[in-house]
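S.K.: please find the sequence and the predicted model below.
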Amino acid sequence: MNDKTHNQSFTAAAIQMNSQQDIEKNLLDIKSAVDAASEQGAQLVVLPENCCSMGAQFSTAERFDELSATIASYASSYGVYVLVGSLPCLYRPDGTVVPDGRLRQVSLLFAPDGTKIARYDKIHLFTATVGDKTGSYNEAATFEPGSQTVVATLEAGETIYQLGMMVCFDLRFPALAQRLRQSGADILSAPSAFTYLTGQAHWSLLLRARALDSQCMLIGAAQGGDHLFENGSTRQTWGHTAITAYDGSVINSYDGSLLTPSDITSKDKNYAMVLADLDRQAQQQGREKMPIFDCHRLA
């Protein structure tokens with residue numbers, strides 16, 4: 001056990017976006033959101049999945065290093081941890097190129113000095129038939145799954161926290177959340193881009209269930225609204241960004257989606273922010289009152 005105290009509260013900001021395929025505009029929104037979150041006392045800012053671009057995965061992946069460096073500079077400029085929900089990447093963590101013309105879906109964590117301290121490659125890839133205009137989703141056609149769980153260390157003053165990293169479809173797999181807890185996680189991140197229909201049916205339930213499974217605070221930063229693609233089609237995401245406590249209660253949430261593509265050029269702000277504090281002492285007491293990991297009997 002680290003000697004540093006564990007009683008200090010920790011403030012996290014979950015950012016909801018309506019990312020389009022204009023990367024430069026999305027970066028302006030990200031910078032503005034990180035600035036605003038820092039001003040309101042957040043120590044960790046969690047961005048949603050596909051924060052730099054919805055769609056256009058291969059052209060975005062070619063800019064992976066550049067986009068990573070840009071967002072790292074926001075972390076250092078405003079002195080906060082910034083978690084990039086996901087960026088498509090051409091190479092694996094060891095630097096080898098992803099074979100078969102596929103990519104990795106990568107979540108990155110930057111420290112307040114801009115240093116990259118964690119990379120998580122999304123393990124569970126979205127595969128589903130949904131009753132919307134898209135119909136069938138198969139992320140594995142574009143992406144190669146990751147294979148390693150990741151828990152990263154955060155420091156806030158004299159306090160140490162452990163952040164377990166997930167992305168979107170990972171929320172449907174309780175064993176992952178439980179493994180992250182067993183690896184020491186206090187907080188779980190779940191940057192997402194749930195479809196409108198699956199989000200409406202399951203988003204809030206999954207956030208609460210995974211928080212209960214792990215007894216961790218869970219940060220669900222989401223995409224919300226209509227997203228316009230180059231071929232003229234649109235995709236609708238659910239939004240409803242929320243931060244959930246270890247006991248499954250919702251600490252704070254944004255109850256809606258965001259803008260439609262036609263609104264974006266006339267709006268300076270294209271994000272919503274949800275703030276919540278982790279009370280480490282209350283969470284620990286809750287774990288002690290219901291020690292589910294001590295009672296677990298199945299392998």
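M.R.: Arrived safely, thanks for sending. Numbers count the residues shown, from 1 in each chain.
S.K.: what mean pLDDT does stretch 151-171 have?
M.R.: Regarding stretch 151-171, the rounded mean pLDDT is 95.
S.K.: could you do stretch 80-96 as well?
M.R.: Across stretch 80-96, the average pLDDT comes to 98.
S.K.: by mean pLDDT, flag the weakest helix or strand of this structure.
M.R.: With mean pLDDT, DSSP states H and E as the measure, the helix or strand of the chain carrying the lowest mean pLDDT is helix 261-264 (a mean of 44).
S.K.: ok, now how distant is the most centrally placed residue in the chain from residue 158?
M.R.: To find the centre residue of the chain, average its C-alpha atoms and take the closest one (C-alpha atoms, centre = their mean): that gives residue 191, at 2.1 Å. In this structure, residue 191 lies at 28 Å from residue 158, with C-beta to C-beta, to the nearest Å as the measure. For glycine as for every other residue, the C-beta is placed from the backbone atoms N, C-alpha and C.
S.K.: one more: residue 220?
M.R.: The gap separating residue 220 from residue 158 is 28 Å, by C-beta to C-beta.
S.K.: between these two, which has more neighbouring residues?
M.R.: More neighbours sit around residue 220 than around the other of residue 220 and residue 158, counting by other C-beta atoms under 10 Å; the figures are 32 against 12.
S.K.: what sits against that one?
M.R.: By C-beta atoms under 8 Å, 6 or more residues apart in numbering, the residues touching residue 220 are 14, 171, 190-192, 203, 207, 241-244.
S.K.: quick one, helices of the stretch 1-150 of the chain?
M.R.: Using DSSP state H, counting those that start in this stretch, the helices of the stretch 1-150 of the chain run over residues 23-39, 57-61, 64-78.
S.K.: can I get those in a markdown table with mean neighbour count and distance to residue 45?
M.R.: Putting those into a markdown table (neighbours: other C-beta atoms under 10 Å; distance: least, C-beta to C-beta, whole Å) gives the following:
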| stretch | mean neighbour count | distance to residue 45 |
| --- | --- | --- |
| helix 23-39 | 18 | 5 |
| helix 57-61 | 17 | 20 |
| helix 64-78 | 18 | 8 |
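S.K.: got the ones you listed as CSV, with distance to residue 139 columns?
M.R.: Formatted as CSV, the helices of the stretch 1-150 of the chain follow (distance: least, C-beta to C-beta, whole Å):
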stretch, distance to residue 139
helix 23-39, 20
helix 57-61, 10
helix 64-78, 17
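S.K.: which of the ones you listed sits closest to residue 226?
M.R.: Of all those, helix 23-39 sits nearest to residue 226, with 14.9 Å by C-beta to C-beta.
S.K.: can you tell me how far the closest residue to residue 84 other than its chain neighbours is from residue 150?
M.R.: Computed as C-beta to C-beta, 6 or more residues apart in numbering, the closest residue to residue 84 that is not its neighbour in sequence is residue 108, at 4.3 Å. Taking C-beta to C-beta as the measure, residue 108 falls 10 Å from residue 150.
S.K.: what do you get for residue 229?
M.R.: Residue 229 sits 30 Å away from residue 150, going by C-beta to C-beta.
S.K.: brilliant, that's me finished.
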